[in-house]
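1. just the structure for this:
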Amino acid sequence: MPKAFLTGIAGQDGSYLGELLLSKGYEVHGLVHPETTPSKTWLEALSPQQRTAVHTYTGSLTDSEGLTRLIAQILPDEVYNLAAQSDDQVSMREPELTAEINAMGPVRLLEAIRRSGHPTRFLQASSAQLFGEALTSPQNEDTPFRPQSPYGYAKAFAHWMTVHYRIHHGLYAVNAILYNHESPRRTEAFVTRKITRAVALIKSGKLDKLVLGSLDTKRDWTFAGDTVRAMWLALQAEKPEDYVVGSGESHTVREFVEEAFAYSGLDWVKYVVTDENLLRKLDIAETRADASKAQTVLGWKPSVDFKGLIHLMVDSDMAHEA
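-> Sure thing, here's the model as predicted:
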């Protein structure tokens, strides 16, 4: 039975990846942040049979000794680093914390793997924020990095350190450069879930309006379940390489709003207002992935399209309010 270790196992990506690995017969080990309440995560809903194959540990990416001890104890065949301080705006306010988690956290994991001597395969969940306001669109693995926030810079450092351990220490270490990926499990801190949750509340008469920032920002959105499948495929490849993972399409926040409200039978114009205070000073205007390498080498492609993703999220939130 192969063993996998996931940081951020209690989050959106951790839940989908954990379920995928369980379906493939893995023994799954996961790191849970001390401030996470397990009863509010997917782990609480596991069946008794699944629980025997899932092992969780409380810890943080800032704890070098703890990570080294866990890797030596588990000796996982695969490690997926999904944990991060994922709020771009928080990174502006707390750059030191962001660097400790997003930049140094992956290094601590890589060093723990190197010291263990076990042939562990490592995946760093990276971000399209590496590219910032890219000079070309769409972006692929050769597009120059131009990050614009401490979050982006920290991810860039982690990216190159992953490459360093691959080249200089011979580790099977890869970067998955992930574009925006959403699902019903996304928290309301993200605009997509904020929108679909508001649609359900408005439809049920519990909310009068939805306040948003810019409606013109364009993003490449995919389903999180498809994204984690790409991560798994990246660690099954013969050679360790880096991959851009996204749909190849970009849509505005306005398009997302229009589709979510229309799908529920509402006129979005009657309920959505914009607030200049919510506009981001350094917001990237557009992101769009060229995932042709992942499609060619890994045989990966999204199974859920833009409208399908929105409908999936609206249906889930509507069912929750029913």
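2. can you show me the helices along the stretch 1-150 of the chain?
-> Here the stretch 1-150 of the chain has its helices, by DSSP state H, counting those that start in this stretch, at 12-23, 48-51, 64-74, 88-93, 95-98, 104-116, 150-168.
3. mean pLDDT for these: which is lowest?
-> Out of these, helix 88-93 stands lowest, with a mean of 77 (criterion: mean pLDDT).
4. distance from the chain centre to it, please.
-> Centroid separation for helix 88-93 versus its chain: 17 Å, with CA atoms, centre = their mean, to the nearest Å.
5. what lies in contact with that helix?
-> Applying CB atoms under 8 Å, 6 or more residues apart in numbering, the external contacts of helix 88-93 come out as 85, 98, 102, 129, 149-152, 154, 280, 282. For every residue, glycine as well, the C-beta is placed using N, CA and C.
6. which one of those is nearest to Glu35?
-> Closest to Glu35 out of the contacts of helix 88-93 is Gln85 (12.2 Å), distances taken as CB to CB.
7. can you count the residues close to the closest one?
-> Gln85 has 20 neighbouring residues, counting by other CB atoms under 10 Å.
8. quick check: it vs Phe5, distance?
-> According to CB to CB, to the nearest Å, Gln85 and Phe5 sit 20 Å apart.
9. hang on, the earlier thing: redo the helices of the stretch 1-150 of the chain as JSON lines? Include distance to Glu188 and mean neighbour count.
-> Shown next, in JSON lines, are those (distance: least, CB to CB, whole Å; neighbours: other CB atoms under 10 Å):
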{"stretch": "helix 12-23", "distance to Glu188": "12", "mean neighbour count": "22"}
{"stretch": "helix 48-51", "distance to Glu188": "27", "mean neighbour count": "10"}
{"stretch": "helix 64-74", "distance to Glu188": "30", "mean neighbour count": "17"}
{"stretch": "helix 88-93", "distance to Glu188": "15", "mean neighbour count": "16"}
{"stretch": "helix 95-98", "distance to Glu188": "21", "mean neighbour count": "16"}
{"stretch": "helix 104-116", "distance to Glu188": "25", "mean neighbour count": "21"}
{"stretch": "helix 150-168", "distance to Glu188": "19", "mean neighbour count": "20"}
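10. quick one, which of those helices is nearest to Gln295?
-> Short answer: helix 12-23, nearest of these by CB to CB, at 18.7 Å.
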